[in-house]
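Participant: Any chance you can model this:
(chains A and B)
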Amino acid sequence: MSSTRIVITGMGMVTPLGHDVETVWAGLLSCASGVGKIGHFDASTFPTTFAAQVKDYDYTDYVQHPELHEGVGLNTSFALGAAAQAWKMAGLDAHDGLDPQRLGIYLGSGEGSLDFENYVASNLAGWDADKRGIDGAKWAGMASQKMTAIREIEQEPNMPLTHLAMEFDAQGPAYNCLTACAASTQAIGEATEILRRGDADVMITGGAHTMIHPLGVTGFNRLTALSNRNDDPQGASRPFSVDRDGFVMGEGAGMLIIETLDHAQARGATVLAEIAGYGSTADAYRITDIHPEGRGAAKSMHLALEDAGLGLDDIDYISAHGTGTKENDSIETKAVKVVFGDRAKSIPMSSIKSMLGHLIAAAGSVEAIACVLAIRDQKLPPTHNLNNPDPECDLDYVPNAPRDAEVEVCLSNSFGFGGQNDTLIIKRFEG
Amino acid sequence: MTRSVVVSGVGPVSGLGLGIDPTWAGVCEGRSAIAQIRAFDPSGFGCQVGGEVEEFKIGKFVPKSHRKATKVMARDIELAVIAADFAARDAGLLTKGTDPDGGGNGDFKTTYDPARVGCHIGAGLIAADLDELTGALIEARKDDGSFDIHKWGSEGMQHLTPLWLLKYLPNMLACHVTIIHDNQGPSNTITCGEASAILSIGESLRVIQRDKADLCFCGGAESKMNPMVYYRQQLTGRLNESSNEDPANAVRPYDQGAAGMVAGDGGGIVMLEAEETYKARGGDSAYARVVGFGASQSVHREAKNAEPDPQGRAVVSSVNAAMREAEIGADEIDMVIGFGCGVASWDRAEANGLKAVFGDRISDVPVVSLRGLIGNCGAGGGGVDLAIAARALREQKVPAIVNRDAPIGGLAGNSPAQDTKLYHVLVFNMGFGGQHTAMILQAMDH
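Facilitator: This is a model prediction of the structure:
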């Protein structure tokens, strides 16, 4: 247990259910769905034709320095809007005492989207049918006509980080991690550790991502990881339901301002919640499968509880990874039982991916924010579309309607493809 | 009391060779591995040279149980897996990966409890193999040869292997390594360009210091030997397009003649261990202690961060943070392994920052850069740098400085490798995007 307490003082979201915290939260409490037909490209013949997209969003509505960000990718644009909201909520827009070298950033953001049309045109132009491979010279000939520096550079996964650093003049420790679906939970955990160690006073943390582009959907379709329920997009993300058939891709960003309690109090900031614990493990099992007993997931939860100095009885709500794939939901259920034993069935656990889709690298940050709001409003967001319970998934998933509950401490799980697992524990702040 | 952490094994992989011995020999000779690109026909590119890793058979570096999984490894992943294999063996560790039976034998016992072994590996933006992807894309063409997304969705994509995406997720470097060696502790994938490897090693350091692991595999790997990656570098304007006939002299770190970088593939994994557990397992030949680490971000709005702040303020702040932790002053640093990518504006910012740290002493402290020998290996470069710093402390020897006829910023010029008393070595890297990172190693007998 760390003696330095770390608190959340600002939050921001850009998601398929809206572009501010209260709108998204209201949507989650009313079983709204952000899912619809894919609009970023023509996916009409793809095995999956739908996703949860951010709609009618313009980052320039949020930032102070739009001239620094011309040409950014969608991922960075989401990051900017969410971070600007968090910055403002934390009162940092009106606070001038911050030392830039004590302001750090730790993101779990995904790469920018490929410049698909021009990339494909170059590949096709470079194809040498005789040797069934790319002719580098022909490829470069087309690429030099089609590709642009800005589109290529903005794909680098450290670009959301770089743009936030410029926008907010953050010169302290700066990281981006990309542990697939666990990334932003891990980022928040590691940002917490940086503050605990005293290497910064304030951290901007969270994640931003979109994989709703032709090769992203292709990749997950080939893995058969996506729901194919094309006739019922809004009913497609159904975590813990016996007829779940995969996850639904989402996009967006969740950002938090976190700081040491001393720093927050010294500047008179409103504390929203406390980050009490963090755990990180690897399954070390298989590239394609989760450990069947949920070994890494269970260990991650154990480590987070230990880090927080809390017991099994202290957890009031679990924000599930809950992707809606066959494998994840049953193994996550098993892992929760391994950790909580007899108590597992009495802890409510829901997946807001049922409404938002899966924001991949950004998912954990949005789920962490939902935990803070659950504590604030004493309300649990539901698992939507849970009409046909799976006998293997026999916990209390808060099905289909929000619930009033006493919520003091939340545990939030994120598990990445390939076996990286992360858990955060967020609790009500008591001075 | 913070736990002391040592470097117990290193596994660099670059154009200079596989493993520490050929790499060390290469940097001492100042031998350049930069040559005409072989991975693809570079004739349509401005810069046609790079630092390529020699041919290898990945099956030699994984246990039998993991052979099948090598089919879903992008080259970046292969490099990380090879580097991890070298590093674990160099440290004398018995893991599921170094055991000839892959841990299958009943009597097998690993050096460490797998739950106490972590893994932090930096990665880049991994490029799809263009032959493989395009072999599928051509199945979705219209009659006029252009791409038909409808045909792609309905049939073209079926020509890609089902696990195609998994080859290119950046976290797969760490995931393959954790599976091969059975590392069940904390694991992360840092993607901050050229700063990634040292940031990852720094994160492993912190994990061991706070007692969440006793041993970590850490570093980075990246391959830029792909037309798309190479072209992306060309579009940044940072490649040297004027030295295709003279590849060995193409990259001139901290030199007035710096005319750009070249790309390379490579990386390095190192083994960090808590000194107490290292000694408890009988270890007595660690390379060095890791005594300081710092990270910072450059903000240069005038150039939209495409270039670093010319004063190198973030260089100073990251190095100062590392020195504070090490409880040493700049006068106690005996050598620097710097970034020195050969791009004039980046080299100048770095040199200015180092000058601010070292003052006039900068001309007496050897500042070595490997980029002239192996190219810019992106997220992997720092892993090679740290391995060389560690070996230099063991050998008490400074590698050769080459391609620096007219040094900038008061730095010392060319010199052959030389024996020198080394107590502390600073490793410094900066990522395009502005992430800066510094790490200080200390000789074991200090």
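Participant: use CA for all of it now, contacts and neighbours both
Facilitator: OK.
Participant: where does the closest residue to A:Ala370 other than its chain neighbours fall, phi/psi-wise?
Facilitator: Spatially, and ignoring its direct neighbours in sequence, A:Ala370 is nearest to A:Trp25 (7.2 Å; C-alpha to C-alpha, 6 or more residues apart in numbering or on different chains). Per-residue torsions, A:Trp25: phi -60, psi -40 (degrees, to the nearest 10).
Participant: Need the pLDDT of A:Trp25.
Facilitator: At A:Trp25, the pLDDT value in this model is 98.
Participant: Number of residues surrounding it?
Facilitator: 19 (other C-alpha atoms under 10 Å in any protein chain shown).
Participant: mind checking how far it is from chain B?
Facilitator: Distance of A:Trp25 to chain B, computed by C-alpha to the nearest C-alpha, to the nearest Å: 30 Å.
Participant: One more: A:Asp20?
Facilitator: Relative to chain B, A:Asp20 is positioned 27 Å away (C-alpha to the nearest C-alpha).
Participant: Just give the closest residue to that residue, not the sequence neighbours.
Facilitator: A:Asp20 sits nearest to A:Met13 (C-alpha to C-alpha, 6+ apart), 5.3 Å away.
Participant: How about the secondary structure of that neighbour?
Facilitator: Here A:Met13 is recorded as strand under DSSP: H, G, I helix; E, B strand; the rest coil.
Participant: count of residues packed around it?
Facilitator: Neighbour tally, A:Met13, other C-alpha under 10 Å: 34.
Participant: right, and it touches A:Gly254 too?
Facilitator: Yes. A:Met13 is within contact range of A:Gly254, at 4.5 Å (criterion: C-alpha atoms under 8 Å).
Participant: Name the residues contacting each of those two.
Facilitator: A:Ala82, A:Ala83, A:Val366 (C-alpha atoms under 8 Å, 6 or more residues apart in numbering or on different chains).
Participant: Using a markdown table, please lay out those residues together with distance to B:Glu395, secondary structure and neighbour count.
Facilitator: Below are the shared contacts of A:Met13 and A:Gly254 laid out as a markdown table (distance: C-alpha to C-alpha, whole Å; DSSP: H, G, I helix; E, B strand; the rest coil; neighbours: other C-alpha atoms under 10 Å in any protein chain shown):
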| residue | distance to B:Glu395 | secondary structure | neighbour count |
| --- | --- | --- | --- |
| A:Ala82 | 50 | helix | 30 |
| A:Ala83 | 48 | helix | 31 |
| A:Val366 | 50 | helix | 30 |
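Participant: Closest one to chain B out of those residues, please.
Facilitator: Chain B has its nearest neighbour among the shared contacts of A:Met13 and A:Gly254 in A:Ala83, at 17.1 Å by C-alpha to the nearest C-alpha.
Participant: Tell me, how many residues neighbour B:Arg31?
Facilitator: Around B:Arg31 there are 17 residues (other C-alpha under 10 Å).
Participant: next one: phi and psi at it?
Facilitator: phi -80, psi 130.
Participant: Distance check, it against B:Gly378.
Facilitator: 20 Å (C-alpha to C-alpha, to the nearest Å).
Participant: Next: A:Ala320.
Facilitator: 35 Å.
Participant: ok, the two, which is more surrounded?
Facilitator: For A:Ala320 versus B:Gly378, the count of surrounding residues by other C-alpha under 10 Å is larger for B:Gly378: 30 against 27.
Participant: Without its sequence neighbours, what residue ends up closest to that one?
Facilitator: Nearest non-adjacent residue to B:Gly378 (C-alpha to C-alpha, 6+ apart): B:Glu194, at 4.5 Å.
Participant: can I assume the residue nearest to A:Ala370 is in contact with A:Ile369?
Facilitator: No. A:Trp25 lies out of contact with A:Ile369 (C-alpha under 8 Å); the separation is 9.3 Å.
Participant: Flag the shaky bits of the stretch 151-300 of chain B, pLDDT-wise.
Facilitator: Along the stretch 151-300 of chain B, the model assigns pLDDT under 70 to no residue.
Participant: what are the ranges of the strands in it?
Facilitator: Using DSSP state E, counting those that start in this stretch, the strands of the stretch 151-300 of chain B run over B:187-188, B:215-223, B:265-274, B:288-297.
Participant: just those: most buried one?
Facilitator: Among the strands of the stretch 151-300 of chain B, ranked by average contacts under mean count of other C-alpha atoms under 10 Å in any protein chain shown, first place goes to strand B:215-223 (a mean of 35).
Participant: B:Ser196 and B:Phe428 touch, don't they?
Facilitator: No. B:Ser196 is beyond contact range of B:Phe428, at 11.6 Å (criterion: C-alpha under 8 Å).
Participant: Quick check on the two: which one has the bigger neighbour count.
Facilitator: Between B:Ser196 and B:Phe428, counting by other C-alpha under 10 Å, B:Ser196 is the more crowded of the two (37 against 29).
Participant: Run a quick neighbour tally on A:Ala94.
Facilitator: Neighbours of A:Ala94 under the rule other C-alpha under 10 Å: 9.
Participant: Next one: the residue nearest to it when sequence neighbours are not counted from chain B, what distance?
Facilitator: In space, and not counting its chain neighbours, A:Ala94 is closest to A:Lys88: 7.9 Å by C-alpha to C-alpha, 6+ apart. Separation of A:Lys88 from chain B (C-alpha to the nearest C-alpha): 21 Å.
Participant: buried ones in the helix or strand A:Lys88 falls within?
Facilitator: Using DSSP states H and E, A:Lys88 sits within helix A:74-89. Under the neighbour-count criterion of 16 or more other C-alpha atoms under 10 Å in any protein chain shown, helix A:74-89 has A:74-89 buried.
Participant: same thing with stretch A:310-327?
Facilitator: So stretch A:310-327, judged by 16+ other C-alpha under 10 Å, has buried residues A:310, A:315-326.
Participant: How about stretch A:10-26?
Facilitator: Under 16+ other C-alpha under 10 Å, the buried positions of stretch A:10-26 are A:10-21, A:24-25.
Participant: Can you get me the start-to-end distance on it?
Facilitator: End-to-end for stretch A:10-26, by C-alpha to C-alpha: 18 Å.
Participant: OK, now which residue of the stretch 1-150 of chain B is nearest to chain A?
Facilitator: Residue of the stretch 1-150 of chain B nearest chain A, by C-alpha to the nearest C-alpha: B:Gly44 (4.1 Å).
Participant: mind pulling up the phi and psi values for that residue?
Facilitator: Phi and psi for B:Gly44, reported as degrees, to the nearest 10, are phi -90, psi 0.
Participant: Helix or strand: which one has the closest residue to it other than its chain neighbours?
Facilitator: Nearest residue to B:Gly44, sequence neighbours excluded (C-alpha to C-alpha, 6+ apart): A:Ala137, at 4.1 Å. Using DSSP H and E, A:Ala137 sits within helix A:136-146.
Participant: Break chain B down into its structural domains.
Facilitator: Residue ranges for the domains of chain B, per automatic domain parsing: B:5-127+B:168-443, B:130-159.
Participant: and the helix holding A:Lys88, what other elements does it pack with?
Facilitator: Contact analysis of helix A:74-89 by 3 or more C-alpha pairs under 8 Å, 6 or more residues apart in numbering or on different chains; DSSP states H and E lists strand A:6-14, helix A:159-168, strand A:202-210, strand A:251-260 as its packing neighbours.
Participant: switch to 10 Å and redo it
Facilitator: Helix A:74-89 sits against strand A:6-14, helix A:21-28, helix A:159-168, strand A:202-210, strand A:251-260, with contacts defined as 3 or more C-alpha pairs under 10 Å, 6 or more residues apart in numbering or on different chains; DSSP states H and E.
Participant: What's the first helix or strand after the third one?
Facilitator: Next along the chain after helix A:159-168, taking DSSP H and E as the criterion, comes strand A:174-176.
Participant: near chain B, anything from that following strand?
Facilitator: Yes. Using C-alpha under 10 Å from any C-alpha of the partner chain, strand A:174-176 reaches chain B at A:Ala174, A:Tyr175, A:Asn176.
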